[in-house]
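Peer 1: With the input below, show me the fold.
(2 chains)
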2 protein chains.
Amino acid sequence: MEFSNRISTLKPSAIREILKIPNDPELISFSAGNPAPDSFPVEAMSKIASDIFATGAARALQYGISEGHTPLRDITKKRMSEKYGVCSENDDLIITSGGQQAIEMTAKIFLNEGDVVICEEPSFVGALNALRSYGVKLVGIPVDDDGMKVDLVEEKLKTEKNVKLIYTIPTFQNPTGTTMSAERRRKLLELADRYDVMILEDSPYFELRFRGERVPAIKSMDKNGRVIFAGSYSKILAPGIRIGFACASKEIIAKLTVAKQVSDVHTNLFFQMLAAEYLTQNDIDEHIAKICDMYRTKLDKMLECMEKKFTKKVTFTRPEGGLFVMCTMPDGFDGAELANRAKAAKVTVVPGLAFATDETKICPTFRLNFSLPSLDEIERGIDRLAKVLNEYVG
Amino acid sequence: MEFSNRISTLKPSAIREILKIPNDPELISFSAGNPAPDSFPVEAMSKIASDIFATGAARALQYGISEGHTPLRDITKKRMSEKYGVCSENDDLIITSGGQQAIEMTAKIFLNEGDVVICEEPSFVGALNALRSYGVKLVGIPVDDDGMKVDLVEEKLKTEKNVKLIYTIPTFQNPTGTTMSAERRRKLLELADRYDVMILEDSPYFELRFRGERVPAIKSMDKNGRVIFAGSYSKILAPGIRIGFACASKEIIAKLTVAKQVSDVHTNLFFQMLAAEYLTQNDIDEHIAKICDMYRTKLDKMLECMEKKFTKKVTFTRPEGGLFVMCTMPDGFDGAELANRAKAAKVTVVPGLAFATDETKICPTFRLNFSLPSLDEIERGIDRLAKVLNEYVG
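Peer 2: Predicted coordinates:
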């Protein structure tokens, strides 16, 4: 028995062991990527679910079409187009089983083994693994406070052969929390056009902005059908329902639909109908504003505690939204070691290594999540972490 | 812009046009693969959904684990093991987004471009396309009343290079409705062992047996971890919820879990919890028996009408279960032409071409579904079809 080349390259790494969270009520987790459960509109969803069971069960439980439930597609298209300029009249939209599936299927329809994908360094491990699962080479571009350092991209486009795709999370990036400037977005799109490369704009967090001004989506500047925009209802409705979407040119959506058909036929239809109904009956922007209020308070609390308690040798990002803060220790320190020590002190973080294109490097970084823990847990968890850092970094 | 090789080979075929069903209330559809909506246990599901919203919403709407909801995995494992001998102590089980995802991920973890997959000819187009989407070569083996003609498999194993996988639907095969004999199953497994080839046993229909004796699953005879069993709740609960599973050796399930993680993270958690609760509170075997009663009546009605009305030049299978009957016209007649004529007469069938490994051939066959239409529709539909056949075949 032999596995395929593409999957053999995807080895479970040492990181998985660190990420295994013991079942311990004393543990405070900053290592999740989960939204706060009290952000889920449970009451409204429950009511709609009853209505669907009462009036539309036969349809909701039957096979649906691969493109997605038409009302949900239409509402999502309209909202993305009118509010954000994403999804023009040349574009179409497909409902996916979470944003993750939009990434995986984009990789499947564009990438041959040996192709090169340019991405942020560090970047979201789920996406990197989806790309790796098609046997591609990842080339990482460092990130600063204005996101991916786009001036370094052109050199890679010139020197690397077979660059097919640029993968970016431009807004409230995972894991750094930083946002790519409008200037850099324009420049990145221009480079993609010039070098005939596609851009996968992964944007599951962009509506979770707590302060500062919105930066236009790269897709909203796209004139040539070069950008695939991957969106998600995971962070603004609920992640367990697995509903996301991809917006791209009609030609690309047609190919994604073929990929979707062979992947899972369609996304759970009951919850597609439920989401469509929720978006019809409720003001989602009002709901998002409430989530932002909740998360802003949590982020501010976390940053305040870190300012007060962390050794000055550790720096950290100050995101304007999203779910994550990234911390950096001085060179030579190891985020994996810190994560292990933190776990022993009953607080979990994700070592930077988990987000690296090269998983053998030592990264002096670690990621903190602020959406899931309570304010009290944030205070106590940062306390514990500060002590661990004092011992380790000094 | 250039798509990947694997996807470029997956061309939308002429068949898609034929399969497009006009929205016409006069139309009788024998072309679906849908279960009857009155087979869905709507009341029980509705009650459980309310309970989950009342007591477990925060968990059901949050991220879950990629392997699947533990109680659903455990119940499924126990049932498959105790009742069918599928899932031994060396095996494990992963919940997938429908049986389709079990097929797609099996293809992903085993197949390199250019590998050969042996399958039944004809076979399920969704699976063939999932396999094609990894750039493999399909080699079809004819099917008779005892399923795949296994004696022809060895020759292919000897002559074809890089045969990696045998894909089979041994019980109530789609589209033929035939069942592979126990003797052939043993022989197929023996060949797979001898030639070091994996078997993907796709069995979404096997519990829908209306008469005759159960034939043991190939997986139940598997001593060497050579068989991946793909199962589904689509036909015994409801398809729109997209819940299936794969059972295989622990090593294979570990790889499928990695593939699942990058594909859609996990299957809709709410409906995994709902299914687990349904299986706990209800006797699923009793429910399946009721579905079988309903479908047996429909199948018998269809066969009876066909016997009476069809020209004797057309032969057809007499399945003991499942969803489908396959009809064969004399050589030289074209199932696609028949399907077009039938559509004009307001009854839809699927031409055999849709299930062929080589989509350029002319097939004198067409598939009928009996689970979705009512008894009255079956009678009137077969009437219409008989007239079309009389005109076309004579």
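Peer 1: So residue A:68 is in contact with residue A:246, correct?
Peer 2: No: if you go by Cβ atoms under 8 Å, residue A:68 and residue A:246 don't touch, sitting 10.1 Å apart. C-beta here means a position set from N, CA and C on the backbone, and glycine is covered the same way.
Peer 1: Mutual contacts of these two, please.
Peer 2: Jointly contacting residue A:68 and residue A:246 under the rule Cβ atoms under 8 Å, 6 or more residues apart in numbering or on different chains are A:93-94, A:96.
Peer 1: and those as TSV, adding distance to chain B?
Peer 2: Listed next are those as TSV, based on distance: Cβ to the nearest Cβ, whole Å:
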residue	distance to chain B
A:93	18
A:94	14
A:96	8
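Peer 1: Out of the residues you listed, give me the one that has the most neighbours.
Peer 2: Among the shared contacts of residue A:68 and residue A:246, the one with the most neighbours (other Cβ atoms under 10 Å in any protein chain shown) is residue A:96, at 30 neighbours.
Peer 1: who's in contact with it?
Peer 2: Residue A:96 makes contact with A:68, A:102, A:105, A:230, A:243-246, A:256, A:260, A:267, B:264, according to Cβ under 8 Å, 6+ apart.
Peer 1: let's go with 7 Å and repeat that
Peer 2: By Cβ atoms under 7 Å, 6 or more residues apart in numbering or on different chains, the residues touching residue A:96 are A:102, A:105, A:244-246, A:267.
Peer 1: what's the answer for residue A:178, then?
Peer 2: When the contact criterion is Cβ under 7 Å, 6+ apart, the partners of residue A:178 are A:143, A:145, A:147, A:317, A:319.
Peer 1: can you list contacts of stretch A:338-351?
Peer 2: Contact partners of stretch A:338-351, identified using Cβ under 7 Å, 6+ apart, comprise A:15, A:18-19, A:21, A:24, A:26-31, A:175, A:329, A:335-336, A:363, A:366-368, A:381, A:384-385, A:387-388, A:392.
Peer 1: Which among the residues you listed count as buried?
Peer 2: Among those, those classed as buried by 16 or more other Cβ atoms under 10 Å in any protein chain shown are A:15, A:18-19, A:27-31, A:175, A:329, A:335-336, A:363, A:366-368, A:381, A:384-385, A:388, A:392.
Peer 1: Any buried residues in the helix or strand that contains residue A:293, and which?
Peer 2: Using DSSP states H and E, residue A:293 falls within helix A:284-309. Buried residues in helix A:284-309, counted by 16+ other Cβ under 10 Å: A:284, A:287-288, A:291-292, A:294-296, A:298-303, A:305-306, A:309.
Peer 1: to the chain's geometric centre, what's the distance from it?
Peer 2: Centroid displacement of helix A:284-309 relative to its chain, using Cα atoms, centre = their mean, to the nearest Å, is 18 Å.
Peer 1: So for that helix, mean pLDDT?
Peer 2: Across helix A:284-309, the average pLDDT comes to 98.
Peer 1: cool, and stretch A:238-245?
Peer 2: 98.
Peer 1: does it come close to chain B?
Peer 2: Yes: under the criterion of Cβ under 7 Å from any Cβ of the partner chain, chain B is reached by stretch A:238-245 at A:238-242.
Peer 1: where does chain A have low pLDDT?
Peer 2: Across chain A, the ranges flagged by pLDDT under 70 are A:11-20.
Peer 1: returning to that earlier point: any chance of the shared contacts of residue A:68 and residue A:246 in JSON lines, plus distance to residue B:215?
Peer 2: Converted to JSON lines, the shared contacts of residue A:68 and residue A:246 look like this (distance: Cβ to Cβ, whole Å):
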{"residue": "A:93", "distance to residue B:215": "45"}
{"residue": "A:94", "distance to residue B:215": "40"}
{"residue": "A:96", "distance to residue B:215": "38"}
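Peer 1: Up against chain B, what does the stretch 51-200 of chain A have?
Peer 2: For the stretch 51-200 of chain A, the residues in contact with chain B (Cβ under 7 Å from any Cβ) are A:53, A:57-58, A:60-64, A:97-98, A:100-101, A:104, A:108-112, A:126, A:129-130, A:133, A:198.
Peer 1: and if we set it to 8 Å?
Peer 2: Selection of the stretch 51-200 of chain A residues close to chain B by Cβ under 8 Å from any Cβ of the partner chain yields A:53-54, A:57-64, A:96-98, A:100-101, A:104, A:108-113, A:126, A:129-130, A:133-134, A:164, A:196, A:198.
Peer 1: Do you have the helices of the stretch 51-200 of chain A handy? List them.
Peer 2: For the stretch 51-200 of chain A, the helices defined by DSSP state H, counting those that start in this stretch occupy A:57-60, A:70-84, A:98-110, A:125-132, A:153-159, A:182-195.
Peer 1: Using PDB, list the CA coordinates for the lengthiest strand in chain A.
Peer 2: Counting by DSSP state E, the longest strand found in chain A is strand A:137-144. What follows is strand A:137-144 as a C-alpha-only set of coordinates in PDB (Å, rounded to 0.1, in the frame of the first residue of the first chain):
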ATOM      1  CA  LYS A 137       6.100  24.700  -3.400                       C
ATOM      2  CA  LEU A 138       5.300  27.500  -1.000                       C
ATOM      3  CA  VAL A 139       7.400  30.700  -1.200                       C
ATOM      4  CA  GLY A 140       6.800  32.900   1.900                       C
ATOM      5  CA  ILE A 141       7.000  36.700   1.800                       C
ATOM      6  CA  PRO A 142       7.500  38.400   5.200                       C
ATOM      7  CA  VAL A 143       4.700  40.500   6.800                       C
ATOM      8  CA  ASP A 144       5.100  43.900   8.500                       C
END
